[in-house]
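Engineer: 3D model of this:
(one chain, ligands or ions: 1)
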Amino acid sequence: MSQYHIKNLEEYFQVYRKSVQQPETFWHEVAEEQFVWRKPWDEVLSWDFEKPELRWFEGAELNITENCIDRHLTAQGDSTAIIFEPNDPDEEPQHISYKELHKRVCKFANVLKAQGIKKGDRVCIYLPMIPELAVAVLACARIGAIHSVVFAGFSSTALATRINDSDCKLVITSDGSFRGKKTIDLKGIVDEALKSCEGVESVLVAKRINSEITLKEGRDHWLQPLLDDASDECAAEIMKAEDPLFILYTSGSTGNPKGMVHSTAGYMVYTAYTFKNVFQYNRGDVYWCTADIGWITGHSYIVYGPLANGATTVMFEGVPTYPDWGRFWQIVGKHKVNQFYTAPTAIRALAKESLDLVTKHDLSSLKVLGTVGEPINEEAWHWYDENIGKGNSPIVDTWWQTETGGIMISPIPFATPTIPTFATLPLPGIQPCLMDEEGKEIKGNPASGRLCIKFPWPAMARTIWGDHQRYKDTYFSTFKNHYFTGDGALRDQTGYYRITGRVDDVIIVSGHNLGTAPIEDAINEHPAVAESAVVGYPHDIKGNALFGFVILKESGEERKQENLKKEINQLITERIGPIAKLERIQFTRGLPKTRSGKIMRRILRKIAEGHTKDIGDTSTLLNPEVVDEIISDKK
Ligand code: WT7
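Structural biologist: Residues are numbered from 1 along each chain as shown. So this is what the prediction gives:
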């Protein structure tokens, strides 16, 4: 018997054709195949992109943790669900079996209940990559609380904004986190954030670094003693198919971060289906995704997708550089990883280091390699293929978004022939198309345009928390009756897609989605700054880096520019986090603006990229003279 789920290109086309011609039958069959439902659905799909309203598996009842844990207890209770690899290579890894995971999730769920958390309440999770993070996520799902995981690299201000936006009642954090040689005071960040979060009633603190912290009387509790006293049985809350499972924030091109709301049944079915097929996962394989659970990649492809398949999923606490640049490859060898999923930015950084750090480790277990988060350049693709995959592990270049919940366009390993930089073909059930500027679909190949999706898929986000209008405006208004991704793409002769990057003001830096508006807001808070504009430009390792054009107030012009630059980046670090720091800052006297006062970022982008001529049409500018000035001042 072949170990592959979709076995060859022909089978892929067959499955794909069915998924498009009879989407409801297709998803009905997928949903029936491997899940436990407390009650079956009445209707597979009802949808309206105008409203927009999307309902999958309406009428069904389930709990996702029964599918991710309980369902596996009889047949494979003793097999490993999670391998925890600590930051310090000398610390013992933990192998958490499905049975053990069940106990830990139930205990945690009971602790949440004892804190007064009920179905529908929001819980903020701000934790490093330790087992408690996965357990906390699942414990929320167990009792129907909506988790909102905030990446533990975000600052206290960013954390507070997210806690308040969704009115979280409880925060789960740790005393601190390890990051290579450093420790980070997470509890201190939470304390700072909570000064402006009145709705938070309690804080649960996991002990990780054994630092001295203060617990606020009546609000903060050490987690472990509560877990010790809790029962290890907790009945799963019965959820409706469309009940929200979690909120995850992502940056938009303007305004506050958007709390994308994901549903229960559709999200489960889609992440499980795509995990199995995109990684050709088989029981007993060891799968490792290097992302943080604070991002959608971690939600869908460290926790839910793998566990719904009874997989063994690796959780790595540390960084690729500690104790040396060989750490990833050492872990692959140590745990005999079969599927390895990482970001192009990591590959580019690793490719710059000595090959000895790769060759001294045994990578022979690897079968499938993956990338996600941004376009991968050809050089990095070949390095990955030759040195890590040894030319015989297919690379899946997976395109998707926080909003899509799961992988959308990707090769199926051993079925879809890969070409560097191409995400290739849509997964079953996904109907992408390219639109021109007038909103007409571009048929035929080759073609290039704005990437849209014309039919719903089960894992799509259902709304933006508290702002359905914004959901409609952002995703369903640019092109009538289509979901607009915000990305540009081209399609070659054979129908393969290549994602070319964002067409809006979102910039992908090291695979992280950053909106320009919040960064500019942070810069503008500096007392010496009058106005600013941030754009992205190509960067060797990060893919894109940030370039800030900053106009100073008169008072600021006397200040030393080096100091100002430091202070501006400090502000950004405080307001958003170090990932949003500017790589380059140029002080200017003006910014190119349209007559209506809108900054022409297209021109600044050209300048940041290093162009000195042909920077595009400047005739509609209010102040074309500033363009030359900015170019001649640029170093
Ligand atoms: C944006 C979404 C999906 C999890 C991580 C990022 C870019 C993502 C690829 C890829 C080219 C990619 C897109 C997309 N992107 N994967 N394989 N090739 N670009 O999630 O933070 O929501 O960002 O990442 O621009 O729109 P996210």
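
Engineer: going forward, measure contacts between C-alpha atoms and count neighbours the same way
Structural biologist: Fine.

Engineer: Kindly list the longest helix within this structure.
Structural biologist: With residue count as the measure and DSSP state H as the assignment, the chain has helix 98-114 as its longest helix.

Engineer: who does the helix or strand just after it pair up with?
Structural biologist: Tracing the chain past helix 98-114, the next element assigned as helix or strand by DSSP states H and E is strand 122-125. In the sheet containing strand 122-125, the strands it pairs with under DSSP bridges are strand 146-149 (parallel), strand 170-174 (parallel).

Engineer: who touches strand 122-125?
Structural biologist: Contacts to strand 122-125, defined as CA atoms under 8 Å, 6 or more residues apart in numbering, come from residues 133, 136-137, 140, 145-150, 163, 166-173.

Engineer: Off-centre distance for stretch 549-568?
Structural biologist: The offset between the C-alpha centroid of stretch 549-568 and the centroid of the whole chain comes to 34 Å, using CA atoms, centre = their mean, to the nearest Å.

Engineer: CA atoms only for that stretch, dumped as CSV, please.
Structural biologist: What follows is stretch 549-568 as a C-alpha-only set of coordinates in CSV (Å, rounded to 0.1, in the frame of the first residue of the first chain):
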residue,chain,number,x,y,z
PHE,A,549,10.9,58.4,6.1
VAL,A,550,10.5,60.9,8.9
ILE,A,551,9.8,64.6,9.0
LEU,A,552,11.0,66.3,12.1
LYS,A,553,9.4,69.2,13.9
GLU,A,554,11.5,72.3,14.0
SER,A,555,12.5,71.5,17.6
GLY,A,556,13.7,68.1,16.5
GLU,A,557,16.0,69.3,13.8
GLU,A,558,18.6,70.4,16.3
ARG,A,559,18.8,67.0,17.8
LYS,A,560,21.5,64.4,16.9
GLN,A,561,20.1,62.2,14.3
GLU,A,562,21.7,59.0,15.6
ASN,A,563,20.0,59.5,19.0
LEU,A,564,16.7,60.2,17.3
LYS,A,565,16.9,57.0,15.3
LYS,A,566,17.6,55.0,18.5
GLU,A,567,14.7,56.7,20.3
ILE,A,568,12.3,56.0,17.4
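
Engineer: Where does the prediction get shaky in the protein?
Structural biologist: Across the chain, the ranges flagged by pLDDT under 70 are 1-2, 253, 596.

Engineer: Report the residue ranges of every domain in it.
Structural biologist: Structural domains annotated on the chain: 9-472, 506-633, as defined by automatic domain parsing.

Engineer: now these in a markdown table, with distance to the ligand?
Structural biologist: As requested, the domains of the chain are arranged in a markdown table below (distance: least, CA to the nearest ligand atom, whole Å):
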| stretch | distance to the ligand |
| --- | --- |
| domain 9-472 | 3 |
| domain 506-633 | 4 |
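
Engineer: Among those, show me which one is buried the most.
Structural biologist: For these, the stretch with the most neighbours on average is domain 9-472, a mean of 20; neighbours defined as mean count of other CA atoms under 10 Å.

Engineer: Span of that one from start to end?
Structural biologist: Domain 9-472 has an end-to-end distance of 36 Å (CA to CA, to the nearest Å).

Engineer: Show me the helices in the stretch 251-400 of the chain, by range?
Structural biologist: Using DSSP state H, counting those that start in this stretch, the helices found in the stretch 251-400 of the chain span residues 265-278, 296-298, 305-308, 327-335, 344-351, 356-359, 378-383.

Engineer: Please enumerate residues in contact with the last one?
Structural biologist: For helix 378-383, the external contacting residues (CA under 8 Å, 6+ apart) are 344, 347-348, 351, 420-421.

Engineer: Likewise for the third one?
Structural biologist: By CA under 8 Å, 6+ apart, the list of residues contacting helix 305-308 from outside reads 67-69, 81, 268, 271-276, 300, 312-313.

Engineer: Return the residues in contact with residue 459.
Structural biologist: By CA under 8 Å, 6+ apart, the contact list for residue 459 reads 262-263, 266-271, 404-406.

Engineer: could you redo the last one with a cut-off of 6 Å?
Structural biologist: Residues near residue 459 by CA atoms under 6 Å, 6 or more residues apart in numbering: 266-267, 270, 405.

Engineer: Could you find the closest non-adjacent residue to it?
Structural biologist: residue 267 (4.1 Å; CA to CA, 6 or more residues apart in numbering).

Engineer: Residue 413 now?
Structural biologist: The spatial neighbour of residue 413 that comes closest, neighbours along the chain excluded (CA to CA, 6+ apart), is residue 394 at 5.7 Å.

Engineer: can you pull out the helices in the stretch 1-150 of the chain?
Structural biologist: If DSSP H, counting those that start in this stretch is used as the criterion, the helices of the stretch 1-150 of the chain fall at 9-21, 23-34, 64-68, 73-76, 98-114, 131-143.

Engineer: For the longest one, name the packing helices and strands.
Structural biologist: What that stands for is helix 98-114. Applying 3 or more CA pairs under 6 Å, 6 or more residues apart in numbering; DSSP states H and E, one finds that helix 98-114 makes contact with helix 131-143.

Engineer: likewise the last one?
Structural biologist: In terms of contacts (3+ CA pairs under 6 Å, 6+ apart), helix 131-143 is packed against helix 98-114.

Engineer: Strand 170-174 and the helix it packs on, what's the angle between them?
Structural biologist: For helix 98-114 and strand 170-174, the angle between their directions (axes from the mean of the first three to the mean of the last three CA atoms, to 10 degrees) works out to 130 degrees.

Engineer: I would like the residues contacting helix 98-114, please.
Structural biologist: Residues outside helix 98-114 that contact it (CA under 6 Å, 6+ apart): 77, 81, 135, 139, 227, 230-234.

Engineer: just to revisit the earlier point, could you export the domains of the chain as CSV, including distance to residue 500?
Structural biologist: Formatted as CSV, the entries for the domains of the chain read as follows, by distance: least, CA to CA, whole Å:
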stretch, distance to residue 500
domain 9-472, 7
domain 506-633, 12
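
Engineer: Compute the first-to-last residue distance for stretch 38-50.
Structural biologist: For stretch 38-50, the first and last residues are 32 Å from each other (CA to CA).

Engineer: From the rest of the structure, what touches that stretch?
Structural biologist: The list of residues contacting stretch 38-50 from outside it, by CA under 6 Å, 6+ apart, reads 24, 53-62, 481.

Engineer: Of those, which is the nearest to residue 289?
Structural biologist: Set against residue 289, the nearest of the contacts of stretch 38-50 by CA to CA is residue 62 (26.8 Å).

Engineer: Thought residue 242 was touching that closest one, still the case?
Structural biologist: No: judged on CA atoms under 6 Å, residue 62 makes no contact with residue 242 at a distance of 10.3 Å.

Engineer: Alpha carbons only: can I get stretch 483-497 in CSV?
Structural biologist: The C-alpha trace of stretch 483-497 is given here as CSV (Å, rounded to 0.1, in the frame of the first residue of the first chain):
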residue,chain,number,x,y,z
TYR,A,483,-12.5,37.0,-1.2
PHE,A,484,-9.6,39.4,-1.8
THR,A,485,-6.3,38.1,-0.4
GLY,A,486,-4.3,41.4,-0.6
ASP,A,487,-1.6,39.5,-2.6
GLY,A,488,-0.5,39.7,-6.2
ALA,A,489,0.3,36.6,-8.1
LEU,A,490,1.1,35.2,-11.5
ARG,A,491,0.0,32.0,-13.1
ASP,A,492,2.2,30.3,-15.6
GLN,A,493,1.4,28.4,-18.8
THR,A,494,0.6,25.2,-16.8
GLY,A,495,-1.6,27.0,-14.2
TYR,A,496,1.0,27.1,-11.5
TYR,A,497,0.7,30.0,-9.1
